[in-house]
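Chemist: Sequence and computational prediction follow.
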Amino acid sequence: GMARPASKSNSSMPVLNKLTGALPRFLQTFRAHVGPVYRCTWGPDSRLLITASEDSTIKLWNVKSHKLLKDLPGHEGSVFAVDWAPNGELVASGGADKTLKIWRH
């Protein structure tokens with residue numbers, strides 16, 4: 001017969017909270033995009049967060065201070081993909097303008 005996919009847990013509680021026994025807790029909101037946010041990615045050390053939006057920008061955030069560090073316009077149209085290089089020095093983004101851009105923060 002056909003192989004069955006691995007079963008998923010019935011619980012929707014994150015693993016971290018299962019380990020600590022704590023309930024999920026809202027921490028903070030970041031606002032600066034003027035369009036929907038399609039992607040957010042943590043920096044390698046979790047101190048920075050980068051977001052990609054329909055507003056054609058990428059934004060770099062300091063998680064602890066809740067501050068917008070950099071606004072990176074450059075795409076013509078929505079930005080759908082963003083991710084960090086493993087060393088944390090570079091960011092790659094891809095958008096509706098059919099381009100892939102590399103950024104140094």
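Modeler: Structure received.
Chemist: Could you report the separation of the residue positioned nearest the centre of the chain from residue 50?
Modeler: Residue closest to the mean C-alpha point of the chain, counted by CA atoms, centre = their mean, is residue 40 at 1.4 Å. Separation of residue 40 from residue 50 (CB to CB, to the nearest Å) stands at 7 Å. (Glycine included, C-beta is placed from N, CA and C.)
Chemist: Now for the two: what residues contact both?
Modeler: residue 82 (CB atoms under 8 Å, 6 or more residues apart in numbering).
Chemist: coming back round to it: list the contacts of the nearest residue to the residue nearest to the centre of the chain once chain neighbours are set aside.
Modeler: Take residue 40 and drop its neighbours on the chain: the residue closest to it by CB to CB, 6 or more residues apart in numbering is residue 51, 4.6 Å away. Residue 51 makes contacts with 30, 33, 37, 39, 40, 41, 58, 59, 61, 82, as judged by CB under 8 Å, 6+ apart.
Chemist: contact partners of the helix or strand harbouring the residue nearest to the centre of the chain?
Modeler: Secondary-structure element containing residue 40, defined by DSSP states H and E: strand 37-42. Residues from elsewhere that reach strand 37-42 (CB under 8 Å, 6+ apart): 48-54, 78-84.
Chemist: same thing with stretch 86-94?
Modeler: Contacts of stretch 86-94 (CB under 8 Å, 6+ apart): 43-45, 50, 52, 58, 60, 72, 74-75, 79-85, 100-105.
Chemist: Mind giving me the ChimeraX select for the residues you listed, buried ones only?
Modeler: ChimeraX command restricting the contacts of stretch 86-94 to the buried ones, with burial defined by 16 or more other CB atoms under 10 Å:
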select :43,50,52,58,60,72,75,79,82,84,101,103
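Chemist: ok, back up a step: parallel or antiparallel, list what pairs with the helix or strand just after the strand holding residue 40.
Modeler: Remark: after strand 37-42, the chain's next helix or strand is strand 48-53, criterion DSSP H and E. Paired strands of strand 48-53, with direction, are strand 37-42 (antiparallel), strand 57-62 (antiparallel) (DSSP bridges).
Chemist: Next, work out how far apart the nearest residue to residue 80 once chain neighbours are set aside and residue 93 are.
Modeler: Among residues not flanking residue 80 along the chain, residue 38 sits closest, at 5.2 Å (CB to CB, 6+ apart). Applying CB to CB, the value for residue 38 to residue 93 is 11 Å.
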